[in-house]
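A.B. asks: any chance you can model this:
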Amino acid sequence: MPASYAGTSSLHLLLSMSSPTPTLESPLAEPIWIVPLHEHPWYDHVRLKRVFIADGTRHQVVLVDARKLLDCANRDNTDYVLKPVNEWHTGKVRGIREFLDPANPRIPQMPYVTVSTRRAPGLMGWFGLEHEGVVAFRNGQHRARYLADAGARWFPVEVHEREVALLREVCGAADDARTAIRQTMDRAP
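C.D. replies: Coordinates of the predicted model:
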């Protein structure tokens, strides 16, 4: 990866190819998202790939604000809301750190979520006039919490196409984050 990507404040979409010259035996690989980490002493970025890569999967990638996403996830009442990273046992932290390490040849999948709304607490919510977003993780809650703790301001998640607009509304990354994404062609070593 070019050194110019390290330490940038935006996500970069890199398309990698499985060989220097694509052939029938080595088709184009799926897109890879590079997520900068601003408060992480072990490495300065992670790589993520899509969960659903086949055509017609009806899932889309949405860039989310890390803190907004976790605020919405903390409202999930399914009893599977993780504690903050600083309360995880040492082995769990080490395991997720090693799993996300960009030196690892296996590229982890981005978190996969679902989103809904519910009445907000208080009088306006009771009257049905105010709602709040609720995010439930289908996969990747540890990844999302670790990324936010490591200083990722935003990162990509995958969601079903019918929930894209709502996810953008309640957790979407700021416009400057979305416009800062650069798409480049990069070839695998």
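
A.B. asks: list the contacts for the spatially closest residue to V85 that is not a sequence neighbour?
C.D. replies: The shortest distance from V85 to any non-neighbouring residue, by Cβ to Cβ, 6 or more residues apart in numbering, is to D149 (4.0 Å). Yep, even glycine has a C-beta here, placed from its N, CA and C like the rest. Neighbouring residues of D149 by Cβ atoms under 8 Å, 6 or more residues apart in numbering: 39, 84-86.

A.B. asks: at 10 Å instead, please
C.D. replies: By Cβ atoms under 10 Å, 6 or more residues apart in numbering, the contact list for D149 reads 37, 39-40, 66, 70, 84-86, 88, 93, 96.

A.B. asks: tell me how far it lies from P84.
C.D. replies: Remark: distance between D149 and P84 (Cβ to Cβ, to the nearest Å) = 7 Å.

A.B. asks: overlap of the contact sets of those two?
C.D. replies: L70.

A.B. asks: circling back: ok, the residue nearest to V85 to R67 distance?
C.D. replies: From D149 to R67 the distance is 11 Å (Cβ to Cβ).

A.B. asks: shaky segments in this protein?
C.D. replies: Within the chain, the stretches with pLDDT under 70 are 1-29, 55, 118-130, 176-189.

A.B. asks: just the strands in it please.
C.D. replies: 12-17, 28-36, 45-49, 59-65, 112-119, 131-139, 154-160, 182-187 (DSSP state E).

A.B. asks: among those strands, which comes closest to D175?
C.D. replies: Among these, the nearest to D175 by Cβ to Cβ is strand 59-65 (10.3 Å).

A.B. asks: helices or strands up against that closest one?
C.D. replies: Secondary-structure packing of strand 59-65 (3 or more Cβ pairs under 10 Å, 6 or more residues apart in numbering; DSSP states H and E): strand 28-36, helix 66-73, strand 112-119, strand 154-160, helix 164-171, helix 175-179.

A.B. asks: now the angle from that strand to helix 66-73?
C.D. replies: Put simply, strand 59-65 runs at 110 degrees to helix 66-73, going by axes from the mean of the first three to the mean of the last three Cα atoms, to 10 degrees.

A.B. asks: just the CA atoms of strand 59-65, as PDB, please.
C.D. replies: What follows is strand 59-65, C-alpha atoms only, in PDB (Å, rounded to 0.1, in the frame of the first residue of the first chain):
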ATOM      1  CA  HIS A  59     -27.100  -5.400   0.200                       C
ATOM      2  CA  GLN A  60     -25.200  -2.100   0.100                       C
ATOM      3  CA  VAL A  61     -22.200  -0.600   1.800                       C
ATOM      4  CA  VAL A  62     -22.900   2.500   3.900                       C
ATOM      5  CA  LEU A  63     -20.200   4.700   5.500                       C
ATOM      6  CA  VAL A  64     -21.200   5.300   9.100                       C
ATOM      7  CA  ASP A  65     -20.100   7.600  11.900                       C
END
